[in-house]
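Participant: Quick one: sequence plus predicted model below, questions after.
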Amino acid sequence: MELFDLALIWAFIIGFGIIMYVLMDGFDLGIGILFPFAPKEEDRDTMMNTVAPVWDGNETWLVLGGAGLLAAFPLVYSTILPALYIGVFLLLAGLIFRGVAFEFRFKARTSRYLWNWAFAGGSTVASFAQGAVVGAYIQGFEITNRVYTGGALDWLTPFTVLTGFGLMAGYALLGSTWLIMKTEGRLQDWAYRITIPLLLGVLVVFAMISVWTPFVDEAVKNRWFSNLSIIWILPVLALLCAFQIFRSVRNRFEGMPFVATVGLFIFTYLGLIVSRWPYVVPPEYTLWDASSAYGSQLFLLLGLLFVIPIVLVYTAWTYWVFRGKVRAGEGLSLIHI
């Protein structure tokens with residue numbers, strides 16, 4: 001007899017890991033997207049130093065989500081991954097370029113500008129690929145007898161291009177509000193100036209996606225428009241977060257813009273989940289259809305119960321130790337020089 005619905009528990013764990021990655025690595029990638037537009041090279045040093053202590057640890061959540069999917073929902077790997085090989089490759093290649101550029105830029109002298117572009121390019125490509133993959137998940141996959149039967153580029157459509165640019169804009173907004181919280185002076189003033197235009201861009205793209213999505217899949221349309229339900233509170237809360245970003249930037253608050261942007265991402269993410277729930281391989285297979293054996297899920301869950309608290313503790317400790325402002329001329333760049 002199965003005492004617990006382990007498929008539901010694993011879905012929550014993986015969902016939690018994904019949103020933790022989006023939020024924590026999101027502002028890192030946002031810093032990279034904004035990197036070429038920084039006022040001066042000294043400001044780029046400061047931008048990197050704001051994320052230097054945490055950027056690689058943030059990717060722990062990506063590993064957790066990927067490994068959890070393979071272990072708990074193997075059907076997702078065997079069907080969705082072949083559909084997204086190119087998109088996932090671009091995502092990983094972008095993260096690799098971003099990581100290598102992060103380490104080499106501080107050691108470079110004559111070639112620093114190349115690493116600047118590698119950092120910005122890797123962050124941009126990774127962000128776009130993540131958004132396109134999300135768009136592909138929304139529009140669904142061509143599955144026959146649990147095997148992907150579509151083409152290698154079926155994931156790349158006008159809709160997924162829009163979701164790719166949407167996530168890029170969202171990450172840039174997350175990065176700018178992070179800079180407001182972590183910097184001061186000229187760089188902080190620049191971050192204040194670009195946040196409102198970025199917010200407007202995010203709202204425009206998100207509105208376009210919201211209008212387009214019901215026409216992509218009939219099930220999503222029925223979920224949202226067949227009758228009014230409690231799920232409509234999610235877009236309302238997202239808009240309230242957007243208003244709070246605008247208000248806090250106008251009043252030059254420092255921490256609230258970032259907190260409100262996190263809220264905007266969370267409520268948008270929850271809206272995505274309820275649009276497709278409970279399908280993990282849309283449009284056919286639910287999370288129970290895609291689950292591995294109960295014993296396998298239970299064994300892995302017992303191990304994960306020890307891992308997640310450790311990850312949460314060292315993540316919280318890292319952010320606590322490196323709290324406060326990062327000033328020009330301080331931090332990682334001085335250590336490497």
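Facilitator: The structure has been received and is ready for your questions. None of the values given here were measured: they were computed from a predicted structure.

Participant: Can you list the buried residues in the longest helix seen in the chain?
Facilitator: Determined from DSSP state H, the single longest helix within the chain is helix 185-216. Under the neighbour-count criterion of 16 or more other CB atoms under 10 Å, helix 185-216 has 187-188, 190-192, 194-196, 198-199, 201-203, 205-206, 209, 212-214, 216 buried. C-beta here means a position set from N, CA and C on the backbone, and glycine is covered the same way.

Participant: What is the distance between it and the centre of its chain?
Facilitator: 15 Å (CA atoms, centre = their mean, to the nearest Å).

Participant: With stretch 183-194 instead?
Facilitator: Centroid separation for stretch 183-194 versus its chain: 23 Å, with CA atoms, centre = their mean.

Participant: Average pLDDT for that stretch, rounded please.
Facilitator: Average pLDDT, stretch 183-194: 89.

Participant: Residues in contact with that stretch: which ones?
Facilitator: 34, 37-40, 43, 46-47, 50, 176-177, 179-180, 249, 252, 254, 325-328 (CB atoms under 8 Å, 6 or more residues apart in numbering).

Participant: CA atoms only for it, dumped as PDB, please.
Facilitator: Output of stretch 183-194 as PDB, limited to C-alpha atoms (Å, rounded to 0.1, in the frame of the first residue of the first chain):
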ATOM      1  CA  THR A 183      25.500  49.000  -5.400                       C
ATOM      2  CA  GLU A 184      25.600  52.700  -4.800                       C
ATOM      3  CA  GLY A 185      26.600  55.900  -6.600                       C
ATOM      4  CA  ARG A 186      26.900  56.000 -10.400                       C
ATOM      5  CA  LEU A 187      26.100  52.400 -11.000                       C
ATOM      6  CA  GLN A 188      23.100  52.400  -8.700                       C
ATOM      7  CA  ASP A 189      21.800  55.500 -10.500                       C
ATOM      8  CA  TRP A 190      22.100  53.800 -13.800                       C
ATOM      9  CA  ALA A 191      20.300  50.800 -12.500                       C
ATOM     10  CA  TYR A 192      17.400  53.000 -11.300                       C
ATOM     11  CA  ARG A 193      17.200  54.600 -14.700                       C
ATOM     12  CA  ILE A 194      16.900  51.400 -16.700                       C
END
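
Participant: Residue 165 touches residue 130, doesn't it?
Facilitator: No. Using CB atoms under 8 Å, residue 165 is not in contact with residue 130, being 11.6 Å away.

Participant: Check the contact lists of these two and give me the overlap.
Facilitator: With CB under 8 Å, 6+ apart, residue 165 and residue 130 have no common neighbours.

Participant: Pick out whichever of these two has more residues nearby.
Facilitator: Legend: neighbour count by other CB atoms under 10 Å for residue 165 and residue 130, higher for residue 130 (27 against 19).

Participant: Tell me who's in contact with that one.
Facilitator: 22, 91, 164, 167.

Participant: Please render those as JSON lines that adds distance to residue 300 to the earlier fields.
Facilitator: Formatted as JSON lines, these follow (distance: CB to CB, whole Å):
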{"residue": "22", "distance to residue 300": "23"}
{"residue": "91", "distance to residue 300": "24"}
{"residue": "164", "distance to residue 300": "32"}
{"residue": "167", "distance to residue 300": "29"}
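
Participant: Sort out for me which of those residues are in strands.
Facilitator: Among the contacts of residue 130, none falls in strands (DSSP state E).
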